[in-house]
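Novice: Structure for this input, please:
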Amino acid sequence: MNRELKEIFASMQSKFAEIKACEDPEKAKTLMDEYKELKKKYDMKKEAYETEKEMAVLKAAQNPMPMPDSIDTVKTVAEDKKAKTAEEVGALVVKQVKELIQPSGKADKDLSETVDADGGYVVPVDAQTQINQYKRANCSFLDEISVETVSTKKGTRVYQTKGSPAAFQKLTEDGMLAEDDSTDTSKKSNMVASPKFEQKSFGIQDYAGFMPVPNNLIADSDANILNVVYKWLAEAETATDNAEILGLLGAAEMGSGWDAIDGLDGLKKAVNVTLGQAYAGSMKIHTNDDGLQYLDTLKDKNDRPLLNPVPNEPGKMQLTIGFRTIPVSVKPNAYFASQKATTTAGGKIPMIIGDMKEAIRKYDRQQLVLAASNVAAIGGINAFAQNLTMIRGIMRADYKLIDANAIVKGYIATPKATA
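Specialist: A predicted model of the protein is given here:
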């Protein structure tokens, strides 16, 4: 490296040190522009320097002659007995000049981008600290059920039991209403049995979670780390809703109360018979990605798919079952899991049919409330002593199964896995 290159390189090092020490963003940008200009100048001068060396080698090859006697590491052409032709002589001179310029057999590596100490420190690195998000499917079962906001910790709701009143009886010949008469069974009573009632109760539970965040991370990160934590805890509220709703359904086990659905005919029976007319206008099929795949294979006698997009709403789907068209709600496998088949038992794909809003209700006393403290202590974690900020989230709610008859909890059975 010649003197000019060394001077430019020294200027680059000095400029880079100024950039690292600068706290003013505008000034730092100006310094970085100056550094880039020095870098361009250095690259241009370096390229010229390398070209000059290559030209010297080519010139020596075109005019072969012995090297100066003062350089004892280079042989003269006359001393080399193997050089017989002009081409061989030229090749020998090129080899000797290269050995003179590069005595170690390697190029001059005083500067290098790959070695930090040899110049790698001055090469800018595109290191972003903005937090990016991977694309993922979100899921909330809260949209599928009913939610009632309450203002007390405990409460009850009264429901009339299912049943139908008896038919009116004819009046007697004298036009008088008859009552029960155990002595004369030929007389039919005109008394109508009263409706029956039952009570459903709820009791609000507190659900909470916390996360300690180092204050140094909050201060030093140019990303808004607290917003990331708040969003994360908000997603934990949704996860709580999902866990409680699926727990009421027994979706993890798919055991007692869950019945196998025998293909399309099984779906028809669940819709037409088990649920019947009471829920005909509000029923829906709830399944997961595996269930979607299964439903997408169902076809009619003319080989037309039974699963189709809702007209004018391409993001929604509906399944044609006989003369009915039933909306389909699909949740990701990660949240609404199937039971995987093993070598000893078949798998199960969840398929809940009916009106979930009639079946399950959330009593919401208090939605998620977030609070932060830098002096709180939880267990062995002391925010003040450990220089932390504690982020706490609390929600208050209860989840109840109201009408078990409003849904059919079923599954599509899959064969055992092969060994």
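
Novice: I'd say residue 148 and residue 363 touch.
Specialist: Yes: counting by C-beta atoms under 8 Å, residue 363 is a contact partner of residue 148 at 5.6 Å. Bear in mind the C-beta positions are built from the backbone N, C-alpha and C, glycine included.

Novice: Compare these two and say which is more crowded by neighbours.
Specialist: residue 363 (23 against 13; other C-beta atoms under 10 Å).

Novice: all helices of this structure, in order?
Specialist: 3-21, 25-62, 86-101, 215-220, 225-249, 263-269, 289-295, 356-359 (DSSP state H).

Novice: okay, the ones you listed, which one's buried deepest?
Specialist: helix 356-359 (a mean of 20; mean count of other C-beta atoms under 10 Å).

Novice: What helices and strands are in contact with that helix?
Specialist: Using 3 or more C-beta pairs under 8 Å, 6 or more residues apart in numbering; DSSP states H and E, no helix or strand is in contact with helix 356-359.

Novice: what's it in contact with?
Specialist: With contact meaning C-beta atoms under 8 Å, 6 or more residues apart in numbering, helix 356-359 is reached by 141, 144-146, 279, 282, 284, 286, 401-404, 406-407.

Novice: likewise stretch 241-252?
Specialist: Under C-beta under 8 Å, 6+ apart, the answer for stretch 241-252 is 139-142, 144-145, 256-258, 335-337, 350, 352, 360, 362, 397, 399-401, 409.

Novice: And stretch 258-271, by the same measure?
Specialist: 250, 283, 285, 298, 306, 319, 321-322, 324, 326, 348, 351, 353, 408-413.

Novice: Next, the distance between the ends of that stretch.
Specialist: 15 Å (C-alpha to C-alpha, to the nearest Å).

Novice: Show me how far that stretch is from its chain's centre.
Specialist: 33 Å (C-alpha atoms, centre = their mean, to the nearest Å).

Novice: Spit out the contact partners of residue 23.
Specialist: Contacts of residue 23 (C-beta under 8 Å, 6+ apart): none.

Novice: Can you pull the phi and psi angles for it?
Specialist: Main-chain dihedrals, residue 23, degrees, to the nearest 10: phi -110, psi -10.

Novice: Check the spacing between it and residue 31 real quick.
Specialist: Taking C-beta to C-beta, to the nearest Å as the measure, residue 23 falls 12 Å from residue 31.

Novice: Any idea how far stretch 337-350 is from the middle of the chain?
Specialist: Taking C-alpha atoms, centre = their mean, the mean C-alpha location of stretch 337-350 is offset from the chain mean by 25 Å.

Novice: same deal with stretch 160-174?
Specialist: For stretch 160-174, the distance to the chain centre is 59 Å (C-alpha atoms, centre = their mean).

Novice: contacting residues around it?
Specialist: 177-178, 187-190, 192-193, 195-198, 405.

Novice: which among those residues end up buried?
Specialist: The neighbour count (16 or more other C-beta atoms under 10 Å) marks residue 178 as buried among the contacts of stretch 160-174.

Novice: Widest-spaced pair of the contacts of stretch 160-174?
Specialist: Spanning the widest gap among these are 187 and 405, at 36.2 Å by C-beta to C-beta.

Novice: Out of the contacts of stretch 160-174, name the ones that lie in strands.
Specialist: Among the contacts of stretch 160-174, the members falling in strands (DSSP state E) are 197, 198.

Novice: Save the contacts of stretch 160-174 as TSV, and put in pLDDT too.
Specialist: Shown next, in TSV, are those (pLDDT from 0 to 100):
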residue	pLDDT
177	79
178	75
187	66
188	73
189	78
190	77
192	83
193	83
195	90
196	92
197	93
198	94
405	95
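
Novice: Just the closest of the contacts of stretch 160-174 to residue 52, please.
Specialist: For the contacts of stretch 160-174, the nearest to residue 52 is residue 405 (92.5 Å; C-beta to C-beta).

Novice: In space, what's closest to the closest one - neighbours in sequence excluded?
Specialist: residue 162 (7.3 Å; C-beta to C-beta, 6 or more residues apart in numbering).

Novice: where does the one you found fall, phi/psi-wise?
Specialist: Taking degrees, to the nearest 10 as the convention, residue 162 sits at phi -70, psi 140.

Novice: burial count for it?
Specialist: Residues near residue 162, counting by other C-beta under 10 Å, number 10.

Novice: Now do it against residue 196, distance only.
Specialist: Distance, residue 162 to residue 196, using C-beta to C-beta: 9 Å.

Novice: And for residue 5?
Specialist: For residue 5 relative to residue 196 (C-beta to C-beta), the value is 98 Å.

Novice: same deal with residue 418?
Specialist: From residue 418 to residue 196 the distance is 53 Å (C-beta to C-beta).

Novice: any idea how far the nearest residue to residue 203 once chain neighbours are set aside lies from residue 7?
Specialist: When the adjacent residues along the chain are set aside, residue 203 lies closest to residue 154, with 5.1 Å between them (C-beta to C-beta, 6+ apart). Per C-beta to C-beta, residue 154 is found 83 Å from residue 7.

Novice: Residue 25 too?
Specialist: From residue 25 to residue 7 the distance is 29 Å (C-beta to C-beta).

Novice: before we move on, what about residue 344?
Specialist: The gap separating residue 344 from residue 7 is 78 Å, by C-beta to C-beta.

Novice: One more: residue 388?
Specialist: Separation of residue 388 from residue 7 (C-beta to C-beta) stands at 50 Å.

Novice: for residue 147, same thing?
Specialist: Residue 147 is 73 Å from residue 7, by C-beta to C-beta.

Novice: coming back round to it: from the contacts of helix 356-359, which would you call buried?
Specialist: Looks like the contacts of helix 356-359 have 141, 144, 145, 279, 284, 286, 403, 406, 407 buried, using 16+ other C-beta under 10 Å.

Novice: Now do the same contact list for the last one.
Specialist: Right, the one you point to is residue 407. With C-beta under 8 Å, 6+ apart, residue 407 has these contacts: 275, 352, 353, 354, 355, 356, 359.

Novice: burial of the first one, as a residue count?
Specialist: Taking other C-beta under 10 Å as the criterion, the count of residues near residue 275 is 20.

Novice: Please consider this matter closed, and thank you.
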